[in-house]
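Student: below: sequence and its predicted model.
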Amino acid sequence: MHAKDRIGAGPWYNAKGALVAANLTELHERYGDHTVFLDEKGEMVPGQWAGSPTPNQHDVLTGTARDGTVVLGQTCADWTSEDPAMTAQVGHSDGLGPNMSDAEMYRPWNSVHVNGNCGDTAPKGGNGRVYCFAAD
């Protein structure tokens, strides 16, 4: 099932109560932003932004294309596998690439590249993070 079909119609807020997106269109058109896409404690996720702590952990497991549809075979077996031969689609919570690049290809929060290893997400800038969407 596609993520956009499971997460409701919005609006969505981050852990500090700031509006992330009012509806599905806004959510999936949005770019990553280290001041908005926070962890569950309201902290900024280490990434490529200036002054970020290390290591980079901005890769977030989504398994989705830019429009919120599933990328078949890129969900670590529906998030149940740590098999190093399996991969997952990830987005960038900070919307940045190497050397703080804000090139279009690095900006989406939900779909930037494939993480090469479901057993260890760290090598390409991950920490096994996922987004949780909760209804009011």
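Tutor: Received, thanks.

Student: only C-alpha atoms for contact and neighbour calcs from this point on.
Tutor: OK.

Student: moving C-terminal of whichever strand or helix holds residue 114, what's the next helix or strand?
Tutor: Assigned by DSSP states H and E, residue 114 belongs to strand 113-115. Next in sequence after strand 113-115, counting helices and strands by DSSP H and E, comes strand 126-130.

Student: in terms of secondary structure, what does that following strand contact?
Tutor: In terms of contacts (3 or more CA pairs under 8 Å, 6 or more residues apart in numbering; DSSP states H and E), strand 126-130 is packed against strand 59-61.

Student: pairing partners for the strand it packs on, with directions?
Tutor: Strand 59-61 sits in its sheet next to strand 88-92 (antiparallel), strand 126-130 (parallel), going by DSSP bridges.

Student: and stretch 125-136, C-alpha only, in CSV?
Tutor: Provided in CSV are the C-alpha atoms of stretch 125-136 (Å, rounded to 0.1, in the frame of the first residue of the first chain):
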residue,chain,number,x,y,z
GLY,A,125,24.2,9.0,6.2
GLY,A,126,21.5,7.1,8.0
ASN,A,127,20.5,6.0,11.4
GLY,A,128,17.5,3.8,10.7
ARG,A,129,15.1,6.7,11.2
VAL,A,130,11.5,6.5,10.0
TYR,A,131,8.7,9.1,10.0
CYS,A,132,5.6,8.5,12.1
PHE,A,133,2.3,10.1,11.1
ALA,A,134,-0.3,10.2,13.8
ALA,A,135,-3.9,11.3,13.5
ASP,A,136,-5.4,13.9,15.8
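
Student: good, wrapping up.
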